[in-house]
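In: got a sequence here, can you model it:
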Amino acid sequence: QVQLVESGGGLVQPGGSLKLSCAASGFTFSSYAMNWYRQAPGKERELVATITTTGGSTVYTDSVKGRFTISRDNAKKMLYLQMNSLKLEDTGVYYCAAVRRRSNSWVGDYWGQGTQVTVSS
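Out: I've put the predicted structure just below:
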């Protein structure tokens with residue numbers, strides 16, 4: 001069956017780093033653009049980063065530009081999010097999703113269960 005399984009979350013101090021991973025199975029990973037989303041307590045889910053099918057293009061929300069890097073390994077069916085210089089406001093549950101473009105928005109076909117990232121001193 002289709003699975004997206006995130007890992008790598010945890011507790012980190014401000015200024016620290018974490019690398020999230022998302023393992024895909026049960027679908028043609030290389031055919032999908034992939035997104036990382038996050039949801040902070042009491043807030044709506046936010047798109048953090050996008051990577052195209054080949055990894056040739058990436059897009060980031062303004063608040064993480066220069067600090068986060070999205071990447072993928074199609075041979076291993078893995079998606080990554082390297083997070084550096086973490087801030088308190090980066091706290092939240094991070095989700096990976098396999099997405100399609102519809103009109104001017106992304107539609108998530110498959111979602112992971114999420115991994116908690118907590119930035120705290």
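In: now the residue most central in space within the chain: which helix or strand?
Out: Residue closest to the average C-alpha location in the chain (Cα atoms, centre = their mean): Trp36, at 2.3 Å. Secondary structure assignment for Trp36, by DSSP states H and E: strand 33-39.
In: and that strand, what does it pack onto?
Out: Counting contacts by 3 or more Cβ pairs under 8 Å, 6 or more residues apart in numbering; DSSP states H and E, strand 33-39 packs against strand 18-25, strand 46-51, strand 68-73, strand 78-83, strand 92-102, strand 105-111. (Glycine included, C-beta is placed from N, CA and C.)
In: ok, the longest one: who's next to it in the sheet?
Out: It stands for strand 92-102. strand 33-39 (antiparallel), strand 105-111 (antiparallel), strand 115-119 (antiparallel) (DSSP bridges).
In: in this structure, which helix or strand is least confident?
Out: strand 105-111 (a mean of 94; mean pLDDT, DSSP states H and E).
In: now that one: buried residues?
Out: Neighbour-count burial for strand 105-111 flags 106, 108, 110-111 (criterion: 16 or more other Cβ atoms under 10 Å).
In: likewise stretch 20-37?
Out: For stretch 20-37, by 16+ other Cβ under 10 Å, it's 20-24, 27, 29, 32-37.
In: quick one: average pLDDT of stretch 89-101?
Out: Taken as a whole, stretch 89-101 has a mean pLDDT of 97.
In: end to end on stretch 106-119, go ahead and measure it.
Out: From its first residue to its last, stretch 106-119 covers 28 Å (Cα to Cα, to the nearest Å).
In: in this structure, where is pLDDT below threshold?
Out: Within the chain, no stretch has pLDDT under 70.
In: what comes into contact with stretch 88-95?
Out: 6, 9, 14, 20, 36-41, 43, 45-46, 48, 63-64, 81, 83, 111-120 (Cβ atoms under 8 Å, 6 or more residues apart in numbering).
In: of those residues, buried ones?
Out: 6, 9, 20, 36-38, 48, 64, 81, 83, 111-112, 114-115, 117, 119.
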